[in-house]
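Chemist: Predicted model and sequence below, questions to follow.
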Amino acid sequence: MTHPAHTPASQHTRLPAADATGRARRARTEPMTVRPLRDRRYVVETDGGTYVVDVERRTCTCPDHAIRGARCKHLRRVAIEITERRIPAPHERPAVCAVCGDDAFVPLDATGPQLCARHTFESGAVVTDRETGSALAVVRSTTRRADAVETREGRVVADYETNRHYGRHEPVVEAVYLDDRPPRRRYYFPASRLRRLPGEPRLTLSDRPGRTDAESDDSDETIADENDTTTDRVGVDDTSDRTPGGTNDCEAVGFESTA
Ligand SMILES: [Zn+2]
Ligand SMILES: [Zn+2]
């Protein structure tokens, strides 16, 4: 758990007022500093006093809330700053992005390397491989390090020659090549080897029988996913491990264009 002194607080600042009026406007325009506490609450420092906000219980220690029961400007301000990703939500903690070192807000129980919003990949995101220029679709981001994930060959992702320019500590991203014919096989990449595209094009996952998002990482680790390099991809017999009843999750990966 991170010490509160090291958790990021928002600047003591005003936010753009937009079209807001009343408390909603004051929540934005009055200078405040918001600091997460360790118990999922927030301290809000204003020029007029310091209050403690609980956004989950919708309470604040200020007189406006205590006496009038109002959704006061402090409660609103905390909600705004969470929405705008200036501070972590109650169920989140600060972390450092494994690619750029910027702040990232991740689930409290998250372990392993993490990515900031700029370097995170959504499932279905269409990306390009910086090494080959090939187009891929992301199956999912993991929180397992490139120097810890082994391919079926028994080699670690980070040890592949084509991955030498990317951080060994980075999380592995699983993706499929769009020019592969379905059923497409998954490959592993260090996160920064994949580049997001302008406009963030995205496909919808489909054809994934027997698999739900609730499946744990552990079950995925038993899946015979493929390795991460195009040279190896070419060298692999594309049908060798597609025996019925075998690595069915590999075959279950499919994408459908929504655009
Ligand atoms: Zn208040
Ligand atoms: Zn980053």
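Modeler: That came through fine. Not measured: the values here are computed from a predicted model. Ligands and ions are numbered 1, 2, ... in the order given.

Chemist: Give the other helices and strands that the longest helix along the chain contacts.
Modeler: Selection of the longest helix in the chain by residue count, based on DSSP state H, yields helix 73-83. In terms of contacts (3 or more C-beta pairs under 8 Å, 6 or more residues apart in numbering; DSSP states H and E), helix 73-83 is packed against helix 22-29, strand 32-36, strand 42-46, strand 49-54, strand 59-60, helix 63-68. All C-beta spots, glycine's among them, are computed from the backbone N, C-alpha and C.

Chemist: ok, now with 7 Å
Modeler: When contacts are defined as 3 or more C-beta pairs under 7 Å, 6 or more residues apart in numbering; DSSP states H and E, helix 73-83 packs onto helix 22-29, strand 32-36, strand 42-46, strand 49-54.

Chemist: Phi and psi next, for the nearest residue to residue 134 once chain neighbours are set aside.
Modeler: Of all residues not flanking residue 134 in the chain, residue 177 sits nearest, at 5.9 Å (C-beta to C-beta, 6 or more residues apart in numbering). Residue 177 adopts backbone torsions of phi -80, psi 130, taken as degrees, to the nearest 10.

Chemist: what about residue 177, neighbour count?
Modeler: 18 (other C-beta atoms under 10 Å).

Chemist: how far away is it from residue 49?
Modeler: 58 Å (C-beta to C-beta, to the nearest Å).

Chemist: Also residue 186?
Modeler: 54 Å.

Chemist: which of the two has more neighbours?
Modeler: A side-by-side neighbour count of residue 186 and residue 49, using other C-beta under 10 Å, places residue 186 first with 23 against 11.

Chemist: quick one on the thing from earlier: the longest helix of the chain to strand 32-36, inter-axis angle?
Modeler: In terms of direction (axes from the mean of the first three to the mean of the last three C-alpha atoms, to 10 degrees), helix 73-83 departs from strand 32-36 by 60 degrees.

Chemist: is any part of helix 73-83 close to ligand 1?
Modeler: Yes: judged by C-beta under 5 Å from the ion, helix 73-83 and ligand 1 are in contact via residue 74.

Chemist: Residues touching that helix, excluding its own?
Modeler: For helix 73-83, contacts defined as C-beta atoms under 7 Å, 6 or more residues apart in numbering pick out 10, 15, 23-24, 26-28, 30, 32, 34, 42, 44, 51, 53, 55, 58, 60, 62, 65, 87, 89.
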